[in-house]
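> Below are the sequence and a predicted model for it; my questions follow.
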Amino acid sequence: DKSIPLVHYVAPSVWAWRPGRAKAVAQFLDHLLVLFPFEPPYFLKEGLTTHFVGHPVVELGLDKTRDPSFRERYGIPETAPILTVLPGSRRGEISKLLPVFERTAVRLREKFPDLQIVIPTLPHLAQQIRQQFTLPAVIVTTSQEKYAAYQESKAALAASGTVSLELAAAGVPMVIAYKLNPLTHYVVQRLVKVQYACLINLLLNKEVVPECLQKECTPENLASKLAVFLESDVAAQSIKTEMIKALTLLQAPEKDVSPSQRAAFQICQILKA
């Protein structure tokens, strides 16, 4: 029915690659609601009415979800620093990254002997991670336990993706890593239109969160960059301050309105019209 407006919530990532998709979606959508402040121009120039409503990660309250019993549940001493390890959500990327992440953890434990590893993942990936990651580690498979782990973490090592926004919202200093096979990287390198892999860096247009990609994704580099956050409260606070600046850019445009409220308001306005 042509009289029913078609509204899409969350845009395709045309800013990262394949910008031609903006023209394609503009041909069949009436309205688009986007999560990032830099997205509207890509679609507005194609004649598609687009509104930035903010990102739902700022509504999660991840900086206020500390669970005092988390360490007790998993036998982690109160004084032991925790490194959260996030190797991705696809089996292929886990297979490539987890061995590198494990060797990174081995190096870090030489310097920080009481370092504890927590790996949040999805239930169907837990077995793969248990088989591939041979160091002692706590593996959690629910969002609640993942967020509790964030709050207890001194630092995080994560695959590139939206998880960086969750970690930033929880105030966890992080290092971002990614590795593709050489042929895939050759192709992707020519398609990707952005300078940074981490969304925090994209928002701020500078490398605040350390990125170790492809040849730079080595245990030596990762351990060196993570050690800075594990041993220096000043460095940790510095990156937290920058991450707060990035998250401020993801708030809904109106004061005291959440992104989900803003999205609902826009849809109501479309229905009224």
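Looks like it came in fine.
> May I see the buried residues of stretch 91-99?
Using 16 or more other CB atoms under 10 Å as the test for burial, stretch 91-99 gives 93-94, 96-98. All C-beta spots, glycine's among them, are computed from the backbone N, C-alpha and C.
> Now the two most distant members of those residues.
Farthest pair in those (CB to CB) is Glu93 and Leu98. Separation: 8.9 Å.
> what are the ranges of the strands in the protein?
For the chain, the strands defined by DSSP state E cover 7-9, 31-34, 49-52, 82-86, 116-120, 138-140, 153-159, 174-178, 211-213.
> got those as JSON lines, with mean neighbour count columns?
Shown next, in JSON lines, are the strands of the chain (neighbours: other CB atoms under 10 Å):
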{"stretch": "strand 7-9", "mean neighbour count": "16"}
{"stretch": "strand 31-34", "mean neighbour count": "23"}
{"stretch": "strand 49-52", "mean neighbour count": "20"}
{"stretch": "strand 82-86", "mean neighbour count": "25"}
{"stretch": "strand 116-120", "mean neighbour count": "24"}
{"stretch": "strand 138-140", "mean neighbour count": "19"}
{"stretch": "strand 153-159", "mean neighbour count": "24"}
{"stretch": "strand 174-178", "mean neighbour count": "26"}
{"stretch": "strand 211-213", "mean neighbour count": "20"}
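> where are the low-confidence patches of this protein?
1, 15-18, 65, 180-194 (pLDDT under 70).
> on that earlier part again, could you dump the strands of the chain into a markdown table and include distance to Ile244?
Listed next are the strands of the chain as a markdown table, based on distance: least, CB to CB, whole Å:
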| stretch | distance to Ile244 |
| --- | --- |
| strand 7-9 | 26 |
| strand 31-34 | 22 |
| strand 49-52 | 19 |
| strand 82-86 | 19 |
| strand 116-120 | 22 |
| strand 138-140 | 26 |
| strand 153-159 | 16 |
| strand 174-178 | 14 |
| strand 211-213 | 19 |
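> Minimum distance to Gln195: which of the ones you listed has it?
Ranking the strands of the chain by proximity to Gln195 (CB to CB) places strand 211-213 first, at 10.1 Å.
> Pro87 against Ile117, yeah?
No - using CB atoms under 8 Å, Pro87 is not in contact with Ile117; the gap is 11.4 Å.
> rewinding a little: keep only those of the buried residues of stretch 91-99 that are in helices.
If you go by DSSP state H, those have 93-94, 96-98 in helices.
> circling back: what touches both of Glu93 and Leu98?
Contact criterion CB atoms under 8 Å, 6 or more residues apart in numbering; residues shared by Glu93 and Leu98: Pro87.
> Contacts only, for Gln251.
54, 58, 259.
> Which of the residues you listed ranks first by neighbour count?
Among the contacts of Gln251, Gly54 has the most neighbours (other CB atoms under 10 Å), with 25 neighbours.
> if I look at that residue, how far off is Leu271?
For Gly54, the distance to Leu271 equals 20 Å [CB to CB, to the nearest Å].
> I'd like the distance from stretch 241-248 to the chain centre, please.
Centre-to-centre, stretch 241-248 and its host chain are 14 Å apart (CA atoms, centre = their mean, to the nearest Å).
> Same question for stretch 260-273.
27 Å.
> just stretch 205-216 next, same as before
Put simply, stretch 205-216 sits 13 Å off its chain's centre (CA atoms, centre = their mean).
> From here on, call the first residue 46.
OK, 46 is where the count begins now, so the last one is stretch 250-261.
> List the buried residues of that stretch.
Buried, per 16+ other CB under 10 Å, within stretch 250-261: 253-258.
> With distance to His76 as added columns, please give those residues in TSV.
Below are those laid out as TSV (distance: CB to CB, whole Å):
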residue	distance to His76
Val253	33
Val254	33
Pro255	38
Glu256	34
Cys257	39
Leu258	35
